[in-house]
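In: make a model of this:
(2 chains)
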There are 2 protein chains.
Amino acid sequence: MIYHRVALIGLGLIASSMAHAMRRAGAAGEISGHARSAETRAVAREIGLCDRVCDSAAEAAEGADLVVLCTPVGVMGAVAAEIAPALKPGATLSDVGSVKRSVIRAVAPHVPPGVHFVPAHPLAGTEYSGPRAGFATLFDNRWCILVPEGADRAATDRLAAFWRALGANVDEMDADHHDRVLAVVSHTPHLIAYTMVGVAEHLEIVTESEVIKYSASGFRDFTRIAASDPVMWRDVFLSNRDATLDILGRFTEELFVLQRAIRMGDGALLHDYFTRTRAIRRGIIEAGQDTPVPDFGRSAVGQAGE
Amino acid sequence: MIYHRVALIGLGLIASSMAHAMRRAGAAGEISGHARSAETRAVAREIGLCDRVCDSAAEAAEGADLVVLCTPVGVMGAVAAEIAPALKPGATLSDVGSVKRSVIRAVAPHVPPGVHFVPAHPLAGTEYSGPRAGFATLFDNRWCILVPEGADRAATDRLAAFWRALGANVDEMDADHHDRVLAVVSHTPHLIAYTMVGVAEHLEIVTESEVIKYSASGFRDFTRIAASDPVMWRDVFLSNRDATLDILGRFTEELFVLQRAIRMGDGALLHDYFTRTRAIRRGIIEAGQDTPVPDFGRSAVGQAGE
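Out: Numbers count the residues shown, from 1 in each chain, chains lettered A, B, ... in the order given. Model (predicted):
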């Protein structure tokens, strides 16, 4: 057991996966939880997600050794203000937000003396949301980035041990670097996927049913990430504005280079470009961050189900 | 048996998958094959991919009831010119190119009288290429689009029966519409994925090893399609230039709308946009064109391997 009592504020995909993974690892003595929506709390009670589902965030946080903010990042400041009086001295306050600088800016002023604030970001997800979407293996072999920014070393190490118990590898980074890395590997790819799916949605020359029918030829791979939770992603883009706009600007520049090569018939440029990008794919498979199975394992899954 | 003798010109992922799927279905009496590269022919012989691997395309095509061009689309005209004298009267000539209007323009002038030219495009692929990459289930439940453009009805129906035997669903379309649909569902998404991976490759603020390490947060889903065969994709963009540039223009417009919303802090616009794109994902899963398993079945594959 790493913490006697853990409180999850917000009970969506990440929090529910944490609950399952904590149980699998025996990482927590008791799990309390709160969600703003009465419906979510009812579902969490029905499926026995936590030991206690509380009607207020402060009640869930009271007496906990670790409190994890699992709400969309846009409301974390308000939630921190609400639970601050209930936090016990020596407790660790953390979060799972996809953006770190703005979360620190919003949450840190509310953290009472004697409480250790150690922001964190587990890099894992699916297109599903809500308390029923969680599963114990979500964090296995994924990365969790801690952004202690001067927090107590013992509290940081304990949180690192907790995430390792949940299956993740742990790294540390400063908040600004985290936000830039995530703008590249996550935020900009999501915006681009949303855009491509949006383009397909309102074309007059190609029907939506054609797009769906023939999606396996590439488009499909964009739709999973473009199906992620809208509130979460709205908050991510508004909270990591500068880094996302910077990477989007670079993306547009590159796109124009390739677009011009197509227009001018510059096959050599296209061939060189497409050859270089293969190397990154190989690196990802070697690093264990994807399966080498053709079609992302979709065929293997199909066969297993036969 | 649907054809006594089938010839595959080009022995990459699609041709080798066709060979495996033909064997599974008993769709062909004999399979002959040719690849331009001596190394590819040697591999094909070593793994017994075809009944006969020939040193020239004309030799492979001679006497075949169905000849399928499986080369990059940019060389199909030259290959057609080379094999034309060897095609037997009554034979069907087809292809598997991702673009149809330019293939028809390049190939049709070489088709001898009495030979039925029925262009086709199976919508399936992985990021792997070459004669060892093929597998029998690649076309199962995928779509194969025939573009007969006035070809003999019996020859077209026979080719449709052949593709159904290989596991595919079959549709017919005219060439221009095919090229527009594919620009939306395949060509533009591929170019965007290549661009995003290219952006990540030469940033100074984020290292390539960080991109690889943290790729599971979205970026990874772009890298499979950005690892597809560079020659094939160079030819696709050069051959479907106008439709791809049209969709790219619409993509950039949409991207600028979202980019501006981020800059101006317009959360309502972002939320609405991200909510609409979820519906298309649901349609794709309902249409059986993707698995609903979280993470594209990657976790299921991981568990199966444990």
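
In: tell me the domain boundaries of chain A?
Out: A:3-173, A:177-295 (automatic domain parsing).

In: what's the closest of those domains to B:Arg52?
Out: The closest of these to B:Arg52 is domain A:177-295. By CB to CB, the value is 26.9 Å. Using the backbone N, CA and C atoms, a C-beta is placed for each residue, glycine as well.

In: quick one: average pLDDT of the closest one?
Out: Averaging the model's pLDDT scores along domain A:177-295 yields 90.

In: quick one: it to chain centroid distance?
Out: Its chain's average C-alpha position is 17 Å from that of domain A:177-295, according to CA atoms, centre = their mean, to the nearest Å.

In: and if you look at stretch A:114-122?
Out: Worked out by CA atoms, centre = their mean, stretch A:114-122 lies 16 Å from the chain centre.

In: give me the contacts around whatever helix or strand A:Glu30 lives in.
Out: Secondary structure assigned from DSSP states H and E places A:Glu30 in strand A:28-34. For strand A:28-34, the surrounding residues in contact (CB atoms under 8 Å, 6 or more residues apart in numbering or on different chains) are A:1-11, A:15, A:19, A:22-23, A:41, A:44, A:49-57, A:59-61, A:64, A:66.

In: A:Gly249 belongs to a helix?
Out: Yes. The secondary structure assignment for A:Gly249 places it in a helix, going by DSSP: H, G, I helix; E, B strand; the rest coil.

In: follow-up on the earlier one: just the buried ones from the contacts of strand A:28-34?
Out: Burial of the contacts of strand A:28-34 was assessed by neighbour count (16 or more other CB atoms under 10 Å in any protein chain shown); the buried members are A:2-3, A:5-11, A:15, A:19, A:22, A:41, A:44, A:49-50, A:53-54, A:57, A:59-61, A:64, A:66.

In: these in helices, which ones?
Out: Residues from the buried ones among the contacts of strand A:28-34 lying in helices, with DSSP state H as the criterion: A:Ala15, A:Ala19, A:Met22, A:Arg41, A:Ala44, A:Ala57, A:Glu59, A:Ala60, A:Ala61.

In: switch these over to a markdown table; also include pLDDT.
Out: What follows is those, written out as a markdown table (pLDDT from 0 to 100):
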| residue | pLDDT |
| --- | --- |
| A:Ala15 | 98 |
| A:Ala19 | 98 |
| A:Met22 | 98 |
| A:Arg41 | 98 |
| A:Ala44 | 98 |
| A:Ala57 | 98 |
| A:Glu59 | 98 |
| A:Ala60 | 98 |
| A:Ala61 | 98 |
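
In: closest to B:Asp229 out of the residues you listed?
Out: Relative to B:Asp229, the closest of those is A:Ala15; by CB to CB it sits at 41.9 Å.

In: excluding its backbone neighbours, what's nearest that closest one?
Out: With CB to CB, 6 or more residues apart in numbering or on different chains as the measure, A:Cys70 is the residue that lies nearest to A:Ala15, at 3.8 Å, once sequence neighbours are left out.

In: ok, now A:His178?
Out: Counting by CB to CB, 6+ apart, the residue nearest A:His178 is A:Lys100, at 4.7 Å.

In: also A:Ala64?
Out: For A:Ala64, the closest residue by CB to CB, 6+ apart turns out to be A:Ala7, at 3.8 Å.

In: what's downstream of the helix or strand hosting A:Trp163, the next helix or strand?
Out: According to DSSP H and E, A:Trp163 maps onto helix A:153-165. Proceeding C-terminally, helix A:153-165 gives way to strand A:169-172 as the next helix or strand, assigned by DSSP H and E.

In: for that following strand, what is the average pLDDT?
Out: Over the span of strand A:169-172, the pLDDT mean works out to 96.

In: that one - contacts with which helices or strands?
Out: Contact here means 3 or more CB pairs under 8 Å, 6 or more residues apart in numbering or on different chains; DSSP states H and E; on that basis strand A:169-172 packs against strand A:143-146, helix A:153-165.

In: list the contacts of the helix holding A:Trp163.
Out: Contact partners of helix A:153-165, identified using CB under 8 Å, 6+ apart, comprise A:2-3, A:21-22, A:25, A:27, A:66, A:92, A:94, A:116, A:118, A:120, A:122, A:139, A:144, A:146, A:148, A:170, A:172.

In: now the buried members of those residues.
Out: Buried members of the contacts of helix A:153-165, counted by 16+ other CB under 10 Å: A:2-3, A:21-22, A:25, A:27, A:66, A:92, A:94, A:116, A:118, A:120, A:122, A:139, A:144, A:146, A:148, A:170.

In: where does the residue nearest to A:Ala64 land on pLDDT?
Out: 98.

In: what about it, distance to chain B?
Out: Going from A:Ala7 to chain B by CB to the nearest CB, to the nearest Å gives 25 Å.

In: that older thread, just to check, the residue nearest to A:His178 is in contact with A:Pro119?
Out: Yes. If you go by CB atoms under 8 Å, A:Lys100 and A:Pro119 touch, sitting 5.4 Å apart.

In: what's the overlap in contacts for the two?
Out: The contact sets of A:Lys100 and A:Pro119 overlap at A:Val147, A:Ala175 (CB under 8 Å, 6+ apart).

In: before we move on, back to that, tell me the confidence at the residue nearest to A:His178?
Out: Each residue has a pLDDT score; the one for A:Lys100 is 98.
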